[in-house]
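**Q** the following block contains a protein sequence and its predicted model.
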Amino acid sequence: MKKDWTIVHDMINGSYTSGFGYDSVKHCVVAEDQVWESYLQVHKGAGKWKNKPFPFYEDLCVVFGKDCATGYRARYFVEAEQEARTEEQTQNLNDESDDVIATSNVQGGNANMQSEETSSTRRKKRKRQVDPMSDGFSNAVTKLGETLEKIANKLSRGVEREDEIDKKRSMITHEILKMQTLPQRDKYKAISLIRDDPEKVNTFWDFQEADRACYVDWVLNG
């Protein structure tokens with residue numbers, strides 16, 4: 001899956017791939033025919049993604065690289081990391097401030113007593129600061145685990161759907177070629193039109209065998 005994601009990501013974000021875009025509604029790479037033709041002359045393996053949806057591309061961006069991620073999930077992880085860094089810097093500043101106060105209060109015969117009181121105050125203050133941060137970090141880890149679990153489940157379902165579509169797609173050629181009512185040229189055209197569209201693949205197999213020829217005729221003339 002990382003190999004497929006890399007191919008799609010390079011087309012969309014590569015330095016020398018102007019003309020490609022990503023349709024977030026259809027979840028597929030989009031480009032003009034001449035752009036595809038030029039690109040496929042050098043990158044043969046990218047041909048499988050022409051007009052083919054990649055529904056979990058954005059989820060894989062989160063899994064394989066934060067810098068490549070888009071959408072809400074990416075913003076969530078970046079903001080969470082920035083928030084944790086800010087809290088750490090705030091705690092360090094508070095600790096330094098406490099140390100300055102402790103030093104200035106250490107005077108005369110009461111120096112030891114004041115130092116102990118200041119240290120106690122600093123420990124209590126630090127405890128109040130650390131506890132909320134610890135709770136926040138724990139909540140962030142929990143949310144991260146839940147998010148990754150959802151992504152994994154979604155990817156698993158996506159892979160299963162892709163496997164099912166590939167199996168159905170592989171049987172269409174044989175099924176159309178045995179249709180006696182279609183000219184050979186129309187058979188080839190119908191195979192190309194239906195195989196390249198997952199929705200048409202599913203629709204084709206939803207029909208009973210006697211009705212598939214009518215559906216093929218509708219695709220050819222629709």
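**A** Good, I have the coordinates.

**Q** contacting residues for L193?
**A** Shown in contact with L193 (CB atoms under 8 Å, 6 or more residues apart in numbering): K200, V219, L220. From N, CA and C alone the C-beta is placed, and that goes for glycine too.

**Q** what packs against whichever strand or helix holds the last one?
**A** L220 belongs to helix 209-221 when assigned by DSSP states H and E. With contacts defined as 3 or more CB pairs under 8 Å, 6 or more residues apart in numbering; DSSP states H and E, helix 209-221 has these neighbours: helix 184-195, helix 198-206.

**Q** and the angle for that helix with helix 184-195?
**A** With axes from the mean of the first three to the mean of the last three CA atoms, to 10 degrees as the basis, helix 209-221 and helix 184-195 are set at 90 degrees to each other.

**Q** could I get the average pLDDT for helix 209-221?
**A** Averaging pLDDT along helix 209-221 yields 90.

**Q** coming back round to it: want to throw the contacts of L193 into JSON lines with distance to V29 and neighbour count?
**A** As requested, the contacts of L193 are exported to JSON lines (distance: CB to CB, whole Å; neighbours: other CB atoms under 10 Å):
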{"residue": "K200", "distance to V29": "19", "neighbour count": "18"}
{"residue": "V219", "distance to V29": "23", "neighbour count": "17"}
{"residue": "L220", "distance to V29": "26", "neighbour count": "14"}
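
**Q** for R185, state which of those residues is nearest.
**A** Nearest to R185 out of these is L220 (CB to CB; 10.2 Å).

**Q** how much space between that closest one and I176?
**A** 11 Å (CB to CB, to the nearest Å).

**Q** circling back: identify the residues contacting the helix holding L220?
**A** The contact list for helix 209-221 (CB under 8 Å, 6+ apart) reads 175-176, 179, 181-182, 186, 189-190, 193-194, 200, 203-204, 207.

**Q** which neighbours do L220 and I176 have in common?
**A** Common neighbours of L220 and I176 (criterion: CB under 8 Å, 6+ apart): A190.

**Q** so what's the spatially closest residue to G14 that is not a sequence neighbour up against?
**A** Nearest residue to G14 in three dimensions, chain neighbours excluded: F20, at 7.9 Å (CB to CB, 6 or more residues apart in numbering). Residues near F20 by CB under 8 Å, 6+ apart: M11, I12, G14, V29, V30, A31, V35, Y39.
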